[in-house]
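what follows is a predicted protein model with its sequence.
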Amino acid sequence: MYVTLLGTSDFCNAASVTMALRRMRHRVLNPPPWGSIIELRPTDMNRVTVGESFCVFTEASSPETVRFIAEHRSFSGNGVIKSALLMGEIEGVKDAADLLDCAVVATNLRPSKLCKLGEDGNMVEVQLLCSPHVRKIQQREALSSALAYLQSKGIPYIVSKGDAGNRLVAALSLELCRLATEAEMRLIDAVAREELRFDCNPFQLLDCYGMMYITKVMGRHPHLADERRVPPITRRVLSAMDAEGFGGEGVHRGGFYNCYGSLNPEIRTEFLRRRKLSRSDIFLRLLFALVNESCRMLLEGCVETVNDIDLLSIGALTLNLSTGGLLSYVDSGIGCFALLRNMNYHSRDMGVTDPSSPLLQVMLEAGETFRTLSPETLYQARQKFVGGI
């Protein structure tokens, strides 16, 4: 049985993800990080001398952190804090980040209530926020120091330009709301768990993030709120649910799921109309939405590699390790070219999905898959993408 398992794509995918996470802990960072890195909590700040250390603020949204940075910004010489790692939600650490020349922000990819799902649940998304006058070498030194700290703690990370995990969640929510007007939520949940191998029911995942949170993410990215691409039904459902008290977990009325862990019958009757949709249709449309947003992030440079997308999908969407992540799952399953044909059919002939990403067409012409995607092909696709905006 063990020998049989070794040859399966599931085993290879899971092993690939596990090895990627292990290699991450031993990455050689260039330029080298600062010689001294100090971890600061609100209770430690009165008895710590910073000196020339790189500071890590584990509770960066606390008033004590903001006050500590403000006081040390007024110092001269070695005591001044110019760069630091801030742990927390980007909106919560904004006051602290605004005081620094260079802030590296590390945000959990999943809401805290989901982190118990597995050891990959504490994966963080890392974003660099710098003042315009900060030199490139200083930016890279700050990022290296922050990543060195995360590696020393065994915390897996993805470096992005921000909101990468949230964008996958928002893309998922858009398609889920569209699908829920055409099929039973229970069927959509089942397809996502059995075919796409989510470790969490997707509607329950949206509840954990919260309707207002997802709506704010959509508002930060115009393409997610563009009514030429996104039917008004999606935003209407999320906004109406929040307004009527169905804001997600932690709210008395729940969200797509109620407080007892069952699908909320009021959502089905009050906010959604259903038509007939097959399991295959649901599977393909969920896959299309997530792949398209992933390709867009690669084309924009929000993330740099296919491996980043794979880890993001595991961390933010709860895809099982056996998938290898979203894009590896495509390669080992339906394949890029069959995916593109299906996407074109659903978009051009059926009119139910967005047009396929230009990256997929360029990959087809180059004969490449996500696994073999070269920098040259990605560059060509980026040129087409920029020209098409």
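Yes, it's here.

any weak-confidence spans in the stretch 151-300 of the chain?
When residues are selected by pLDDT under 70, those of the stretch 151-300 of the chain lie in 227-240, 243-244, 247, 250, 252, 268-276.

just the helices in it please.
When secondary structure is read from DSSP state H, counting those that start in this stretch, the stretch 151-300 of the chain shows helices at 164-180, 185-194, 202-209, 211-220, 222-225, 232-243, 265-270, 279-300.

adjacent strands (with direction) for the helix or strand harbouring residue 105?
In this structure, residue 105 sits in strand 102-108 according to DSSP states H and E. Here strand 102-108 is paired, per DSSP bridges, with strand 83-87 (parallel), strand 124-130 (antiparallel).

spatially central residue in the protein, please.
Residue closest to the average C-alpha location in the chain (CA atoms, centre = their mean): residue 165, at 1.0 Å.

now do the contacts for it.
Neighbour list for residue 165: 109, 125, 158, 312, 315-316 [criterion: CB atoms under 8 Å, 6 or more residues apart in numbering]. C-betas here are computed from N, CA, C, even on glycine.

so which of the strands paired with strand 102-108 is the most packed in?
strand 83-87 (a mean of 26; mean count of other CB atoms under 10 Å).

what's the offset of the helix or strand that it is followed by from the middle of its chain?
Next in sequence after strand 83-87, counting helices and strands by DSSP H and E, comes helix 94-98. Between the centre of helix 94-98 and the centre of its chain there are 22 Å (CA atoms, centre = their mean, to the nearest Å).

and for stretch 333-346?
The answer for stretch 333-346 is 23 Å, by CA atoms, centre = their mean.

so which bits of that stretch are buried?
334, 336, 339-340, 342-343, 346 (16 or more other CB atoms under 10 Å).

of these, which pair is most distant in space?
Largest separation among the buried residues of stretch 333-346 by CB to CB: 336 and 346, giving 15.7 Å.

residues contacting residue 41?
58-59.

go on, residue 373?
Residue 373 sits in contact with 306, 363, where contact means CB under 8 Å, 6+ apart.

doesn't it fall inside a strand?
No - read with DSSP: H, G, I helix; E, B strand; the rest coil, residue 373 is coil and lies in no strand.

quick one: it from residue 304, how far?
According to CB to CB, to the nearest Å, residue 373 stands 11 Å off from residue 304.

and for residue 226?
Note on residue 226: its distance to residue 304, by CB to CB, is 25 Å.

more neighbours: those two, which one.
Shown here are residue 226 and residue 304; by other CB atoms under 10 Å, residue 304 has more neighbours (16 against 11).

return the residues in contact with that one.
Counting by CB under 8 Å, 6+ apart, the residues that residue 304 touches are 159, 298.

shouldn't it be within a helix?
No - assessed by three-state DSSP, residue 304 does not belong to a helix; its assignment is coil.

I'd assumed residue 279 was in contact with residue 187.
Yes - under the criterion of CB atoms under 8 Å, residue 187 makes contact with residue 279 at 7.0 Å.

give me the domain ranges for the protein.
24-159, 167-389 (automatic domain parsing).

which among those is found nearest to residue 12?
That would be domain 167-389 among these, by CB to CB, at 7.5 Å.

distance between the closest one and the chain's centre?
Put simply, domain 167-389 sits 12 Å off its chain's centre (CA atoms, centre = their mean).

so what's the residue count around residue 64?
Using other CB under 10 Å, residue 64 is surrounded by 16 other residues.

I figured it hits residue 40, correct?
No - at 9.4 Å, residue 64 does not count as touching residue 40 under the criterion of CB under 8 Å.

residues that sit against both of the two, list them.
Joint contacts of residue 64 and residue 40 (CB under 8 Å, 6+ apart) do not exist.

contacts for stretch 60-75 next, please.
Identification of contacts with stretch 60-75 by CB under 8 Å, 6+ apart yields 40, 42, 45, 50, 57, 59, 79-81, 84, 86-89, 92-93, 95-97, 99-100, 105.

please redo it, this time with the cut-off set to 10 Å
Residues outside stretch 60-75 that contact it (CB atoms under 10 Å, 6 or more residues apart in numbering): 40-46, 48, 50, 55, 57-59, 79-82, 84-89, 91-101, 103, 105-106.

got a pLDDT number for the spatially closest residue to residue 363 that is not a sequence neighbour?
Closest residue to residue 363 apart from its sequence neighbours, by CB to CB, 6 or more residues apart in numbering: residue 336 at 5.8 Å. Note on residue 336: pLDDT of 92.

show me the contacts for residue 336.
Per CB under 10 Å, 6+ apart, neighbours of residue 336: 291, 327, 330, 359-360, 363-364, 367-373.

for the closest residue to residue 245 other than its chain neighbours, grab the count of nearby residues.
Leaving aside its sequence neighbours, residue 245 sits nearest to residue 253 (CB to CB, 6+ apart; 4.5 Å). By other CB under 10 Å, the residues close to residue 253 number 15.

quick one: residue 253 from residue 246, how far?
As defined by CB to CB, residue 253 lies at a distance of 5 Å from residue 246.

and what of residue 136?
Going from residue 136 to residue 246 by CB to CB gives 47 Å.

equivalent analysis for residue 329, please.
Going from residue 329 to residue 246 by CB to CB gives 31 Å.

cool, residue 46 as well?
From residue 46 to residue 246 the distance is 44 Å (CB to CB).

likewise for residue 260?
14 Å.

okay, the two: which has more neighbours?
Higher neighbour count among residue 260 and residue 246: residue 246, with 25 against 7, using other CB under 10 Å.

distance of that one relative to residue 139?
With distances taken as CB to CB, residue 246 is found 42 Å from residue 139.

tell me the mean pLDDT over the helix or strand hosting residue 70?
Assigned by DSSP H and E, residue 70 belongs to helix 63-73. For helix 63-73, the mean per-residue pLDDT is 89.

shift numbering so it begins at 31
That works, and once the first residue is 31, the last one we named lands at helix 93-103.
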